[in-house]
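# sharing a model prediction with you, sequence too.
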Amino acid sequence: MANQQIRLAKRPEGLPNAATWRLEEHPVPHPAEGQILVRQQYISLDPAMRGWLRDQKSYIPPVAIDDVMRAGGVGEVVTSHHPDFKEGDFVTGWGGVQQYVISDGKGWHKVDPRLAPLPVYLGTLGMPGLTAYFGLLRIGALQEGETVVVSGGAGAVGSVVGQIAKIKNCHVVGIAGGPRKCAYIQEELGFDAAIDYKNENIYKRLKETCPEGIDVYFDNVGGDILDTALTQLRRGARIPICGAISQYNATGKIQGPSNYMSLLVNRARMEGFVVMDFAREYADALTEMGGWLASGHLKTQEDIYEGIENFNETLLRLFSGDKFGKLVLKI
């Protein structure tokens, strides 16, 4: 029995390609006392992975050359020498892009596949969902009845942001790429309006859909869309900076917001955050979100591809937009 792994072969310039990675096969490891062996079934693919490849200071150390690529995963405990886990438990944690992983249990949490399919624990009930929850409610300090705009509105984080805002009785506008995604967030998720950034004038559509301005702009993309949203802020607006996927593969200077003076004029604030900062509150958040999911107020969508050997081409779907909902790789 073998353990297939994806390791970082070299740091990419621009988009990762096949030469960025090395697929290796090793014997399945054996857990020692106090450890568990997890057979991972699904791996989470997230925009943050591109940032982890950069050899520069960040909120988390970069993936080292020759290391297994960092990723969240969900799977089954197949061997346990740990008092808190038994064989047959399903767990989620930072297992990396590999089929089997040894752990001392730290950072791994049990999940129940009877309550939700395993891939949901990598999306709506995982890091993306928690990012949406804390980013909107804590960093965005959302109040009922406000106007919320979210970029990447059909993505794993953005789709949950919009739905939580609707649960809080807010006016919600999602920015997404293409008619299919825009129809999805309006017709299936209940957003009040959608803006197709590929085919519509964003400035004009923001004026139309948010006539009194924006109270919370949840930013997942950066670049021109962030810059345009800054022109439409209301007094006291908040901008949680979750990500900037439009800039992750830039080989030159990162594009920053030229309209930042709007923050001063409108007494607004723009704040970056990392979901790990709220780790102590995950359980309470997941309890509330699980309730919304069970009641039908929160919907989930996973886009699942198969084969660890297809890791790179599946990862690139994050940056081409050729995905629908939460991107997951079945390994």
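Thanks, I have it. Numbers count the residues shown, from 1 in each chain.

# let's see stretch 130-137 as CSV, backbone CA atoms only.
Taking Å, rounded to 0.1, in the frame of the first residue of the first chain, the C-alpha atoms of stretch 130-137 are listed here in CSV:
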residue,chain,number,x,y,z
LEU,A,130,-15.6,30.3,8.9
THR,A,131,-13.8,33.0,7.0
ALA,A,132,-17.1,34.3,5.7
TYR,A,133,-18.6,34.2,9.2
PHE,A,134,-15.9,36.0,11.1
GLY,A,135,-15.0,38.3,8.2
LEU,A,136,-18.5,39.6,7.8
LEU,A,137,-19.8,39.6,11.4
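
# domains in this protein, by residue range?
Annotated domains of the chain cover 2-123+300-330, 127-276 [automatic domain parsing].

# mind checking the end-to-end distance for the last one?
So the one you mean is domain 127-276. 9 Å (Cα to Cα, to the nearest Å).

# can you tell me the closest non-neighbouring residue to residue 193?
residue 209 (4.2 Å; Cβ to Cβ, 6 or more residues apart in numbering). To be clear about C-beta, it is placed using only N, CA and C from the backbone, and glycine gets the same treatment.

# now do the contacts for the one you found.
By Cβ atoms under 8 Å, 6 or more residues apart in numbering, the residues touching residue 209 are 173, 192, 193, 195.

# low-confidence ranges in this protein?
Applying pLDDT under 70 to the chain picks out residues 246, 248-251.

# hmm, back to that, could you measure from the residue nearest to residue 193 over to residue 234?
Between residue 209 and residue 234 the distance is 14 Å, computed by Cβ to Cβ, to the nearest Å.

# just checking, what's the longest helix in this protein?
When the chain is parsed with DSSP state H, its longest helix is helix 282-295.

# give me the contact list for the following helix or strand past that helix.
Using DSSP states H and E, the helix or strand that follows helix 282-295 in sequence is strand 302-306. For strand 302-306, contacts defined as Cβ under 8 Å, 6+ apart pick out 42, 117, 119-120, 122-123, 314, 317, 323-331.

# how about strand 302-306: buried residues?
Of all the residues in strand 302-306, those buried under the rule 16 or more other Cβ atoms under 10 Å are 302, 303, 305.

# residue boundaries of the helices in this protein?
With DSSP H as the criterion, the chain has helices spanning 48-52, 127-134, 158-167, 179-183, 202-209, 223-230, 261-265, 282-295, 311-315, 317-320.

# looking at the ones you listed, which is closest to residue 19?
Proximity to residue 19, assessed across those by Cβ to Cβ, is greatest for helix 311-315 (9.3 Å).

# now do the buried residues in the closest one.
311, 312, 314, 315.

# got it, and stretch 69-81?
By neighbour count on 16+ other Cβ under 10 Å, the buried set for stretch 69-81 is 69, 70, 71, 72, 73, 74, 75, 76, 77, 79, 80.

# skipping adjacent residues, who's closest to residue 274 in space?
Nearest to residue 274 is residue 59, by Cβ to Cβ, 6+ apart, at 4.8 Å.

# my guess is the one you found contacts residue 273. True?
No - Residue 59 is beyond contact range of residue 273, at 9.6 Å (criterion: Cβ atoms under 8 Å).

# tell me which of these two has more neighbours.
Shown here are residue 59 and residue 273; by other Cβ atoms under 10 Å, residue 273 has more neighbours (17 against 12).

# distance between the ends of stretch 62-75?
The first residue of stretch 62-75 is 25 Å away from its last residue (Cα to Cα).

# how distant is it from the center of its chain?
16 Å (Cα atoms, centre = their mean, to the nearest Å).

# likewise stretch 271-279?
For stretch 271-279, the distance to the chain centre is 12 Å (Cα atoms, centre = their mean).

# show residues contacting that stretch.
Contacts with stretch 271-279, where a contact means Cβ under 8 Å, 6+ apart, come from 59-60, 127, 130-131, 134-135, 138-139, 238-242, 285.
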